[in-house]
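[1] Need a 3D model of the following:
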Amino acid sequence: MSCPPRKRVILLGATGSIGSSTLKVARDLPDRIEIVGMAAARSSDELARHAAEFNCRHLCLTDPAAAQHLTSLVPSHTRVFSGHDGLTDLVRSTDADLVLVAIVGTAGLRPALAAIELGRDLAVASKEILVMAGRMVMDAARRRGVHVLPVDSEHNAIFQCVEGRPATDIKRLILTASGGPFRTWPAERIAAATPEEALRHPTWDMGRKITIDSATLFNKGLEMIEARWLFDVPMDRVDVVVHPQSIIHSMVEFTDHSILAQLSRTDMCFPIQYALTWPDRVPSSIAPLDFPALARLDFEAPRRSDFPAIDLAVRAGSEGGTLPAIFNAANEVAVAAFLDGRISFPQIWQTVARVMDQAPAGNDDSLESVIAADHHARERAARLTDSPA
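    Below you'll find the predicted structure:
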């Protein structure tokens, strides 16, 4: 049997943790994956090295000065785009089968929609795309017949369990959460948590912002909203269970009460490889699970009173409109303020709740309205976090 043609991939966010894992998968599967475009923020030297390794001739850096420096590091026939508009230009100018968006923040929205307009499949690692504009993205994907493939381990697990079954067969999506570093801490100790303590995630090695989100469980709240759109189910059918070992990545309960789960080691190369090679399954270089060595798998309910992010997410996802964008934007500003030492750990969710109360949700029927809601929410959150904690 002949090998299928290599899948041509544009990687937005090539120098982050997801980007690094994606390039590892591409190295392991050179007959399956071809990296044809890459983008990053400002790491010109690193992006030049990656471009040379993968013979990639379409690049973008959102920092214009870094992009200018990049042109001196790559062959003259390499196209180098710059600025946030350059991300969309890169997508539109590069022949590809799939665009993987792994950019933190709102910058991935426009290139994601551009990829869909061009009829290219979209692999989503950036939560903001579906949290802020889930209705818009999924409606556009359905119109163009484009597949939206989840890269997050939780949503990738659900994607594997569902395997094309209609939403009417799904009773409940069950996202698993590690519980973060404060899972067993009493409320009074959580209130005094420092950024250094919050950055010590027990099972995953991630960037600073997402690690703080895991400590507050905002990460899980964002994932609930993502799941609502990816799998076309209402928020009241999306649930969370704490699973400290992070071996079961998520589960699906069907209408007959059967539950399917996806298990693997805590390595992002697993979901990335599945998204890039779907609908095929190909061998992986990552070691399989050793069940006797696992010994046990534990589950517990999240402590919603001590970690209010889940209930705030349910509210945002249920009310819809631009409220999820407001929820996301206020959290980003509050996390940055916490990391800077300007607010306390509980003030992260207190800030988000106040912004959600103060900023009325609008319609999410255009990208402009979503971006405007995001902007106003950031302004409000910034005013609330401008004094030291």
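
[2] And stretch 305-313, what's buried?
    Neighbour counts over stretch 305-313 (16 or more other CB atoms under 10 Å) mark 307-310, 312-313 as buried. In this view, the C-beta of every residue, glycine as well, is placed from N, C-alpha and C.

[3] Filter these down to the ones in helices?
    309-310, 312-313 (DSSP state H).

[4] right, and out of the residues you listed, which lies closest to Gly108?
    Gly108 has its nearest neighbour among those in Ala313, at 19.9 Å by CB to CB.

[5] List the residues that contact the nearest residue to that closest one once chain neighbours are set aside.
    Distances taken as CB to CB, 6 or more residues apart in numbering put Gly221 closest to Ala313, at 2.8 Å, once the chain neighbours are dropped. Neighbour list for Gly221: 309-310, 312-314, 316, 327 [criterion: CB atoms under 8 Å, 6 or more residues apart in numbering].

[6] go on, Ala66?
    Neighbouring residues of Ala66 by CB under 8 Å, 6+ apart: 41-44.

[7] give me that answer again for 7 Å
    By CB atoms under 7 Å, 6 or more residues apart in numbering, Ala66 lies in contact with 42, 44.

[8] next SSE after the helix or strand harbouring it?
    Assigned by DSSP states H and E, Ala66 falls within helix 64-71. For helix 64-71, the following helix or strand on the C-terminal side (DSSP H and E) is strand 79-82.

[9] just to revisit the earlier point, so how far is Gly317 from the residue nearest to Ala313?
    Look at Gly221 and Gly317: by CB to CB, to the nearest Å, they are 8 Å apart.

[10] try Ala112
    Counting by CB to CB, the separation of Ala112 from Gly317 is 19 Å.

[11] Same question for Asp236.
    Distance from Asp236 to Gly317, by CB to CB: 9 Å.

[12] So between those two, which is more surrounded?
    When neighbours are counted by other CB atoms under 10 Å, Gly317 comes out ahead of the other of Asp236 and Gly317, with 25 against 11.

[13] quick one, what contacts the more buried one?
    224-225, 228, 235, 324.

[14] average model confidence for whichever strand or helix holds it?
    In this assignment (DSSP H and E), Gly317 forms part of helix 309-319. Average pLDDT, helix 309-319: 97.

[15] cool, and stretch 63-71?
    Stretch 63-71 comes out at a mean pLDDT of 97.

[16] what about this structure, any weak spots by pLDDT?
    Flagging of the chain using pLDDT under 70 yields the residue ranges 1-2, 204-205, 387-389.

[17] any idea how it splits into domains?
    7-150, 172-267+302-319 (automatic domain parsing).

[18] Output these in TSV; the columns should cover distance to Ile158.
    As requested, these are exported to TSV (distance: least, CB to CB, whole Å):
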stretch	distance to Ile158
domain 7-150	8
domain 172-267+302-319	5
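
[19] closest one to Gly362 among these?
    domain 172-267+302-319 (11.2 Å).

[20] which residues of the stretch 151-300 of the chain fall in helices?
    Residue ranges of the helices in the stretch 151-300 of the chain, as given by DSSP state H, counting those that start in this stretch, are 153-162, 187-191, 195-198, 208-216, 218-230, 269-277, 291-294.

[21] between those helices, which gets nearest to Ala373?
    Closest to Ala373 of the helices of the stretch 151-300 of the chain, according to CB to CB: helix 218-230, at 14.2 Å.

[22] Many thanks, have a good one.
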